[in-house]
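Participant: got a predicted model here, sequence first, then my questions.
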Amino acid sequence: MQPKFIHLHLHTEYSIVDGLVRIKPLLKACIANNMPAVAVTDQCNFFGLVKFYQAAMAMGVKPIAGVDVLVAAESKDKTSTLLTLLCQNQTGYRNIIRLISKAYVEGQQLGVPLVKRAWLHEYASGIIVLSGGREGDVGQALLAGDKARSKELLTDWQSHFPDRFYLELQRTGRANEVAYINAAVELAASCNIPVVATNDVRFIEREDFEAHEARVCIHDGYVLDDAKRPHLYTDQQYLRTVQEMQELFADIPEAIENTVEIAKRCN
């Protein structure tokens with residue numbers, strides 16, 4: 001059966017900050033939903049990669065290795081931004097390892113590992129990049145209404161990741177997603193850049209959201225009923241089915257189709 005959608009942005013329990021997904025239940029859910037591949041993109045680590053790879057191969061699911069990284073701001077008045085890096089091949093795997101290592105050894109700020117843009121330029125080979133959606137630098141520029149800057153950033157990423165950079169789209173009920181998608185689709189069309197849909201998955205079932213919030217509160221030092229605590233996630237960040245994702249992006253079908261193309265490219 002030809003696959004229709006593949007999850008490419010997902011945190012497991014090895015993302016200590018905010019992940020709740022366990023490896024074997026994840027793979028069982030993929031099989032049940034006719035998803036022959038899945039990516040794990042934990043926050044700047046490959047802690048679960050061996051377990052994920054071995055279990056996926058044993059269960060007949062194609063494992064796609066990746067990480068989420070925070071890119072250091074280039075000036076003090078800016079904040080770090082997000083990118084998702086996927087291993088296209090063995091070279092990309094080795095380069096992502098180098099980037100993770102440099103982030104921890106050379107890039108930490110207040111205990112948070114950050115990668116520098118120059119490092120991404122240097123170790124770009126073999127890596128497919130998802131833009132980080134609203135949290136990426138292109139997305140931040142779009143939400144700020146700075147079309148010129150967003151195009152400049154996109155052109156720079158495209159020059160270092162030719163045919164390997166995708167504008168990431170998400171519909172998870174979080175702030176500014178509609179405004180971002182409208183601007184991102186327009187930018188993608190004008191620059192001939194492909195788009196890809198993800199669900200920024202943090203848990204498998206929708207009912208797991210409350211447990212996920214408890215985990216986030218433990219890490220961040222809040223209690224659940226604290227009115228001042230930040231609400232960065234929604235109950236929509238579960239492992240949506242193929243049909244749910246197709247319906248969610250029925251108006252942008254290429255964003256769904258490109259998940260399969262990326263999965264095919266990652267070996």
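Facilitator: That came through, no problem.
Participant: may I have the distance across stretch 43-57, first residue to last?
Facilitator: 23 Å (Cα to Cα, to the nearest Å).
Participant: buried ones in that stretch?
Facilitator: Q43, C44, N45, F46, G48, L49, F52, Y53, A55, A56 (16 or more other Cβ atoms under 10 Å). Backbone N, C-alpha and C define where each C-beta goes, glycine included.
Participant: ok, now stretch 27-47?
Facilitator: Across stretch 27-47, burial judged by 16+ other Cβ under 10 Å covers 27, 29-30, 33, 35, 37-46.
Participant: show the average pLDDT along that stretch.
Facilitator: Averaged across stretch 27-47, pLDDT comes to 97.
Participant: what of stretch 75-87?
Facilitator: 91.
Participant: show residues contacting that stretch.
Facilitator: Here stretch 75-87 makes contact (Cβ atoms under 8 Å, 6 or more residues apart in numbering) with 8-9, 39, 41, 64-73, 92-93, 96, 99, 112, 114, 120, 126-133, 135-137, 139-140, 168, 198, 262, 266.
Participant: ok, the residue nearest to T81 when sequence neighbours are not counted - how many residues close by?
Facilitator: Once flanking residues are discounted, T81 sits nearest to D137: 4.2 Å by Cβ to Cβ, 6 or more residues apart in numbering. Residues within reach of D137, counting by other Cβ atoms under 10 Å, total 25.
Participant: wait, doesn't D137 sit right on L70?
Facilitator: No. Contact criterion Cβ atoms under 8 Å: D137 and L70 do not qualify, at 10.9 Å.
Participant: of the buried residues of stretch 27-47, which belong to helices?
Facilitator: L27, A29, C30 (DSSP state H).
Participant: can you flag the buried ones in the contacts of stretch 75-87?
Facilitator: So, by 16+ other Cβ under 10 Å, the buried ones in the contacts of stretch 75-87 are 8-9, 39, 41, 64-72, 92-93, 96, 99, 114, 120, 126-133, 135-137, 139-140, 168, 198, 262, 266.
Participant: and the furthest pair within the buried residues of stretch 27-47?
Facilitator: The span of these, defined through Cβ to Cβ, is set by N33 and C44 at 27.8 Å.
Participant: look up how far L20 lies from M59.
Facilitator: Plainly put, M59 is 20 Å away from L20 if you go by Cβ to Cβ, to the nearest Å.
Participant: now G66
Facilitator: From G66 over to L20 (counting by Cβ to Cβ), the distance is 18 Å.
Participant: with V38 instead?
Facilitator: 15 Å.
Participant: after the lowest-mean-pLDDT helix or strand in the chain, next one along is what?
Facilitator: One helix or strand of the chain scores below all others by mean pLDDT, DSSP states H and E: helix 209-220, with a mean of 75. Per DSSP states H and E, the first helix or strand lying C-terminal to helix 209-220 is helix 242-248.
Participant: now the strands: where do they sit in this structure?
Facilitator: Ranges of strands within the chain are 37-43, 62-71, 81-87, 127-130, 165-169, 195-197, based on DSSP state E.
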